[in-house]
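Enquirer: Provided below are the primary sequence and the corresponding predicted coordinates.
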Amino acid sequence: MIRVTTTMCSSDASATQVTPEPSRAQLLEMCRLMHLARATEERLELLFRQGHVHGGVYRSLGQEGAAVGTAFALRARSDGTGDVMTYLIRDTGAIFTHGGEPIDYLRHYLARATSLSRGRETGVHFTDFDRGLVGPISHLGTMVEVMAGMTWAFRLRGEDRVGMAYLGDGGSSTGEFHEGLNFAAVQECPMVMVLEANGYAFSTPTRKQTRAKRLADKAVGYGIPGESVDGNDVVACYEAAARAVARARAGHGASLLEVVTYRRRGHAQHDAQDYVPPEELEHWASRDPIDLFEQRLLSEEWATPDELEDVAAGARTEAERAADEALAEPLPEGATALDRIYTDVTLPRPWTRLARPDPHDV
Amino acid sequence: MIRVTTTMCSSDASATQVTPEPSRAQLLEMCRLMHLARATEERLELLFRQGHVHGGVYRSLGQEGAAVGTAFALRARSDGTGDVMTYLIRDTGAIFTHGGEPIDYLRHYLARATSLSRGRETGVHFTDFDRGLVGPISHLGTMVEVMAGMTWAFRLRGEDRVGMAYLGDGGSSTGEFHEGLNFAAVQECPMVMVLEANGYAFSTPTRKQTRAKRLADKAVGYGIPGESVDGNDVVACYEAAARAVARARAGHGASLLEVVTYRRRGHAQHDAQDYVPPEELEHWASRDPIDLFEQRLLSEEWATPDELEDVAAGARTEAERAADEALAEPLPEGATALDRIYTDVTLPRPWTRLARPDPHDV
Amino acid sequence: MTSEPEHVSGSARGEPVGFLDAIAEGLFEEMEDDERVVLLGEDVGVYGGAFKLTAGFRAHFGAGRVFDTPISEAGFTGAAAGAAHMGLRPVVEMQFMDFISSAYNVVTNYLATSLWRGSGPMPVVIRGPVGAGARSGAFHAQSVEMAFFHTPGLKIVYPSTPRDAKGLIKAAIRDDNPVIFEEHKLLYRDPKLREVLPSEDFVVPIGKARTVREGRDLTMVTYGRMVHLAAEAVERLEEEDGLDVEILDLRTLLPLDVEAVAESVRRTSRLLVVHEDTRTGGIAGEISMRVNERAFEWLDAPIARVTAIDTPIPYAPTLEDYFLPQVDDIVTAARWLAAY
Amino acid sequence: MTSEPEHVSGSARGEPVGFLDAIAEGLFEEMEDDERVVLLGEDVGVYGGAFKLTAGFRAHFGAGRVFDTPISEAGFTGAAAGAAHMGLRPVVEMQFMDFISSAYNVVTNYLATSLWRGSGPMPVVIRGPVGAGARSGAFHAQSVEMAFFHTPGLKIVYPSTPRDAKGLIKAAIRDDNPVIFEEHKLLYRDPKLREVLPSEDFVVPIGKARTVREGRDLTMVTYGRMVHLAAEAVERLEEEDGLDVEILDLRTLLPLDVEAVAESVRRTSRLLVVHEDTRTGGIAGEISMRVNERAFEWLDAPIARVTAIDTPIPYAPTLEDYFLPQVDDIVTAARWLAAY
Ligand SMILES: Cc1ncc(C[n+]2csc(CCOP(=O)(O)OP(=O)(O)O)c2C)c(N)n1
Ligand SMILES: Cc1ncc(C[n+]2csc(CCOP(=O)(O)OP(=O)(O)O)c2C)c(N)n1
Ligand SMILES: [Mg+2]
Ligand SMILES: [Mg+2]
């Protein structure tokens, strides 16, 4: 198992505790979650091709290990008392790991009335505070600030909760990443900043995004610990994230964790990826995080081939069912667009749509 | 001479050339410029107390060595072909070193019609492209982006010009600093980013601004060389800046230079500095950059006491004369406020101020 | 925890209080009453804010609830949003409101849309000094209302008197929507504004204009510092021209109290909008549109406006005076309208 | 240097060109003519931009003049300003114009004020896709005009046809002031818009509205995609109601061509403003104010408007359709006005 670990500038090495080894059950659960993410996205892609999804569709193929492994280090609850997370388009695995469900994911892409934003928002922009899932806006970087503030609230109230924020190589060029992470560092917020180094931001390779050799180098300027880990090794991701989470929970503040992985599909469905050398794709296909993990599960005799087959089949069935269910649900009523702009101010209907149109009335 | 030098992450050490030792004449010129900055600011302060300056007045007391030393490494021209610089409120010494004159500085604070912005802009917000002086806006961080673009233009056209941008410890927390410096790093712009670590941003001490131990650490995340230098040692500042400038001019891209100094006055005139421990002020008063430099000039026998006396007196006289001249000049005519909003669109006078008031006409 | 700072207890002592102290009182009372209210911004803690509005707050409420941030307007505004998600009610100070431009994205796209997106209420107040006239140039004197007026989900409050300032800051803190709260720096210590405020708890509702003065001949709609210039103009108009002018102080700009304006126009049939902000795209436009929609038939003259000129804010006194609407401009405009 | 990309030579071949290709042609021609013109933004180089508008430009003009930036809207917009100081004429692409919010400070406070501050002309064009209707949600479909309309020093251009798009992008690049150039993404590849353009060099002047259709009964002022909805509505109004409606396409929003609007209203006495952007604080307000100032006496009915509702842009088709102004709304409003 390759692990690229360059801990730098760790101002409180004492906090780097020994993380308990994951149990066999946990390992199988990670495997299931990776399959679930992949199967659900595949189902989504099909729905897209069938014309059911109106907005963009993004895949995390090849990044499931990074997403699941890191999120697995968090405390997932469904009563609003657990750890919190904010994610991006390629964090399907993290969402599911932290308690999100394929049905909610698919409803959201499908703009169903039943979705968590009632059809208002695109893609994964949904929030479920009970589960500690905080949906992003599109503008990259903003959520780093928001997560800094959420975890700052935990610190202020002495709660032992932790927050994790995901962002890509591209996103780490934004000023809001800088301002958010700096806030978290100075305020010693219990936050883990996961940077997903997946080679590209849309078509832009990472070397045109930053001159730093590793995204983990960015930790130095904030005076926080930075670590870089093989993002296609789900267990390594889990372990590194668990260290950062433990440090945060113990009151030692924010850290940065780089997961080195690869985006094996285009930015979105329409992207033919012709800017990518085919060898690169082949190389990374041979390092598929699910394949690598299953090989290890088998070789270490933590699972049998049958068990793995069941896990994969189970994930496919769950994705299937969720898709069927979501598809059968209605789109929202147009006029619901008018509600919940303010908590206490009601918007009028457009005057041209009144029974007796009159601009005086609005 | 104390020099704190921690070159980090220098990806092109080859570029770190040997800088020529400054000549005796150059040393005396640095001394003169430091005196000139101090004398001009003192004169400005007096004008302020006499009620002639309407906006805020900022002092760089104790930082003159950092400003003069770094700027001295640039190629100053007055025909628009030299190096360029953008500065902030505490860079009086840098402005003068790069060819700015006390009269222009004072006119600007005094809002004179003769000032470079014709009375429009405050403080040091003036531009003189011929001399390569580019005035800032107030929003900290923006000028880093602007300087990245200016120097990017040099690189594109193959000109061997260099740009220097100044910013404080506080300013380096802005997102625009991050985006601007990252742009310069990735694009290998011939730019030197000078960070002035002067202990405070208004009342906020640097430890509440960043968790990094040194501002020079911030270079790592951009993959550029970073160096930290004693900002009260004008020669050390010059030498470090000269290295960074040489690297930039040789095509090796951007670097970051931290000058460690201290703001011995309040943020602006109204700030009583009661958040500062008196011992701290005393300590730094004993490390006055002009005193330190003069002691060295004398002890190394580069100058006689009489020569130094003349330099100081000359600076005072120049500041004096400039103040008298500027003071005698008029404020701008009110209606000139209407011009130069667009290059090609003319603004009407307010309708209520027309000889025959009529809103139809505007 | 030290005792309360001197400048927040004027009303309790029955003394008249000025504009800045009134805001400090409101903020202080809300922080006393509700420990979820926290205060953050540049230099708000140890120093007490650039205008000393929160002097002593940190000593009283502790460093946890009042703290100095790095220079990162987006960063700390976004952090305030996150803290609000987790149940706090942050008050963010912009050292000068001009710097909110650096937080434009997070304010308009994150805070303003939170409820709509399904991410819940967003009880954040962003307050700070605005306004020209103090010779502070283009970047320490802006009016920021029109940068945000077009953003559904935000509220914008801009008081002109100590009473309204106190009542509205308290209402803003209790509001579950993001509120931008503008404080004109020339009002902060204007001795003429000092007034005795109720010693008991009160709020002024967001979204309601105030009739400063009733009148029959003409409606003047304004807000902020211009309320006081309008009052001066109206006195002159009364003395010199015998005109009876009604003045409405909008107090809240978003949501706009259209009905108050329309109701007044239906009585006076003439409308003059006065704002310190620049002309094109100023709030006079929306008011004009709304009055057209609701009270067109009552208008006996075109709606007119007196505003700053369409430029950045200049520094030189001669230029800044030319830039800003003056009492004379208001008088001239009112006379023209009355004579129409 | 490769030969020119296929999609920028339609006009030279005498073929009808669509909206996106027209902009590409304009950009390409200006880059050919003036080597100071450079292009930067996310993915504009190797990929050719999210909408492939600049596909092939990098191969043709080289990596120096066409380059991909980090995700830093403020950073590269500020860099464009710096490059402009040094004599270049940068064209900045926002991948989606919604992301210009992250550059709000540098655009409004730096670029817009450069000339005024004495830092010289600022020949920078910021262009990119805007507009709703493509089911892309709240952050890939915004109209950005009103975020900048209140900023003196900026120009805002928003074309609706291939001809105007090409002529205006060329004019924008030659302009010495910062220009925000909005391109409605639903027009990009709308086959109905294809038209044959002059094969020789031409520009369309910034600051001039275009009469799409003359009429006597009513003036409809609009811009962008709504021009086409207005045209559809007007056809129906003619057929079904015998109404003769004049349509003005503003094309430039800042500076606003008030005189064109006022002149039309003086003939028709009725004004309907249609915009895709949300209602409160939309451009209808300023237009209403200006028409009041200049043509009040000619108005026979209140100025009315048809706009999007005051919310962020929703994703679900049902919601987005409800959100946006539709042809039916325009017809209803015009009928109401005509009958007034
Ligand atoms: C501020 C901002 N600018 C531009 C975009 C458009 N955009 C969406 S995703 C993307 C690429 C993101 O790359 P990266 O952060 O590396 O994440 P990845 O897609 O690789 O997971 C871009 C440019 C955006 N969302 N936000
Ligand atoms: C974006 C922004 N926010 C706030 C301010 C207000 N402000 C002006 S100077 C200053 C402190 C600057 O500190 P630092 O960068 O360390 O420079 P120094 O004054 O120490 O030279 C602040 C907060 C500003 N100019 N820009
Ligand atoms: Mg990426
Ligand atoms: Mg400082």
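Expert: Cool, the structure landed. Ligands and ions are numbered 1, 2, ... in the order given.

Enquirer: Checking A:Lys213 next. Helix, strand or coil?
Expert: With DSSP: H, G, I helix; E, B strand; the rest coil as the basis, A:Lys213 sits in coil.

Enquirer: Please list all residues in contact with it.
Expert: By C-beta atoms under 8 Å, 6 or more residues apart in numbering or on different chains, A:Lys213 lies in contact with B:Gly223. Bear in mind the C-beta positions are built from the backbone N, C-alpha and C, glycine included.

Enquirer: for the one 5 residues further on, same thing?
Expert: Contact analysis of A:Lys218 by C-beta under 8 Å, 6+ apart lists A:Ser172, A:Leu181, A:Leu195, A:Thr210, A:Ala212, A:Gly226, A:Leu256, B:Val220, B:Gly221.

Enquirer: Those residues in helices, which ones?
Expert: Of the contacts of A:Lys218, the ones assigned to helices by DSSP state H are A:Leu181.

Enquirer: Skip the chain neighbours and tell me the closest residue to the residue nearest the centre of chain C.
Expert: Centroid-nearest residue in chain C: C:Tyr158, 1.4 Å away (criterion: C-alpha atoms, centre = their mean). Once flanking residues are discounted, C:Tyr158 sits nearest to C:Glu182: 4.3 Å by C-beta to C-beta, 6 or more residues apart in numbering or on different chains.

Enquirer: what secondary structure does that neighbour sit in?
Expert: For C:Glu182, the assignment made with three-state DSSP gives strand.

Enquirer: For C:Glu145, see how far away it is.
Expert: Per C-beta to C-beta, to the nearest Å, C:Glu182 is found 7 Å from C:Glu145.

Enquirer: who touches both of the two?
Expert: Common neighbours of C:Glu182 and C:Glu145 (criterion: C-beta under 8 Å, 6+ apart): C:Ile156, C:Tyr158.

Enquirer: what number of residues lie near whichever residue of chain A sits closest to ligand 2?
Expert: Nearest residue of chain A to ligand 2: A:Glu179, at 10.3 Å (C-beta to the nearest ligand atom). Counted with other C-beta atoms under 10 Å in any protein chain shown, the neighbours of A:Glu179 add up to 36.

Enquirer: tell me which element it falls in.
Expert: Using DSSP states H and E, A:Glu179 falls within helix A:175-186.

Enquirer: Can you tell me which residues in chain C are near ligand 2?
Expert: C:Glu42, C:Ile71, C:Glu73, C:Gln95, C:Phe99, C:Ser102 (C-beta under 6 Å from any ligand atom).

Enquirer: Tabulate the residues you listed (CSV), appending pLDDT.
Expert: As requested, the residues of chain C next to ligand 2 are arranged in CSV below (pLDDT from 0 to 100):
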residue, pLDDT
C:Glu42, 98
C:Ile71, 98
C:Glu73, 98
C:Gln95, 98
C:Phe99, 98
C:Ser102, 98
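
Enquirer: what's near enough to touch A:Thr336?
Expert: A:Ala113, A:Arg118, A:Gly119, D:Leu319.

Enquirer: All the helices of the chain, residue numbers only.
Expert: By default, I'm working from chain A. All helices of chain A, identified by DSSP H, fall at A:24-49, A:64-71, A:92-97, A:102-109, A:142-157, A:175-186, A:234-249, A:278-285, A:289-299, A:305-328.

Enquirer: Chain C was what I was after
Expert: Per DSSP H, chain C carries helices over the ranges C:19-33, C:57-61, C:73-85, C:104-105, C:114-117, C:145-148, C:162-174, C:226-241, C:258-268, C:283-295, C:317-323, C:327-339.

Enquirer: now stretch A:178-198: how far from the chain's centre is it?
Expert: Here stretch A:178-198 is found 15 Å from its chain centre; the criterion is C-alpha atoms, centre = their mean, to the nearest Å.

Enquirer: sorry, that was for stretch A:177-189
Expert: With C-alpha atoms, centre = their mean as the basis, stretch A:177-189 stands 20 Å off its chain's centre.

Enquirer: Nearest to ligand 4: which residue in the stretch 201-340 of chain C?
Expert: For the stretch 201-340 of chain C and ligand 4, the shortest gap (C-beta to the ion) falls at C:Tyr315, measuring 23.5 Å.

Enquirer: That residue contacts C:His140, correct?
Expert: No. Applying C-beta atoms under 8 Å as the test, C:Tyr315 and C:His140 come out as separate, 9.7 Å apart.

Enquirer: Overlap in contacts, those two.
Expert: Here C:Tyr315 and C:His140 have B:Thr122 as joint contacts, going by C-beta under 8 Å, 6+ apart.

Enquirer: if we can go back for a sec, excluding chain neighbours, give the residue nearest to the residue of the stretch 201-340 of chain C closest to ligand 4 in space.
Expert: C:Gly137 (4.2 Å).

Enquirer: okay, the one you found: pLDDT?
Expert: Looking at C:Gly137, its pLDDT is 97.

Enquirer: And it, its phi and psi?
Expert: The phi/psi pair for C:Gly137 (degrees, to the nearest 10) reads phi 80, psi -170.

Enquirer: what about it, how many residues close to it?
Expert: Neighbours of C:Gly137 using other C-beta under 10 Å come to 29.

Enquirer: mind checking how far the closest residue in space to A:His108 that isn't next to it in sequence is from A:Leu331?
Expert: Of all residues not flanking A:His108 in the chain, A:Ser115 sits nearest, at 4.5 Å (C-beta to C-beta, 6+ apart). A:Ser115 sits 10 Å away from A:Leu331 when distances are taken as C-beta to C-beta.

Enquirer: just C:Asp68 next, same as before
Expert: 48 Å.

Enquirer: more crowded one of the two?
Expert: Higher neighbour count among C:Asp68 and A:Leu331: C:Asp68, with 24 against 17, using other C-beta under 10 Å.

Enquirer: just for the stretch 1-150 of chain C, where's the confidence low?
Expert: C:1 (pLDDT under 70).

Enquirer: Alongside chain B, which residues does it contribute?
Expert: Selection of the stretch 1-150 of chain C residues close to chain B by C-beta under 8 Å from any C-beta of the partner chain yields C:42-43, C:46-47, C:50, C:68-72, C:74-75, C:95, C:98-99, C:101-102, C:135-140.

Enquirer: are any of the residues you listed buried, and which?
Expert: C:42-43, C:46-47, C:50, C:68-72, C:74-75, C:95, C:98-99, C:101-102, C:135-140 (16 or more other C-beta atoms under 10 Å in any protein chain shown).

Enquirer: tell me the contacts of the nearest residue to A:Phe177 once chain neighbours are set aside?
Expert: Among residues not flanking A:Phe177 along the chain, A:Gly141 sits closest, at 4.3 Å (C-beta to C-beta, 6+ apart). Residues counted as contacts of A:Gly141 (C-beta under 8 Å, 6+ apart) are A:Leu167, A:Gly171, A:Thr174, A:Gly175, A:Glu176, A:Phe177, A:Gly180, B:Gly175, D:Ile71, D:Ser102.
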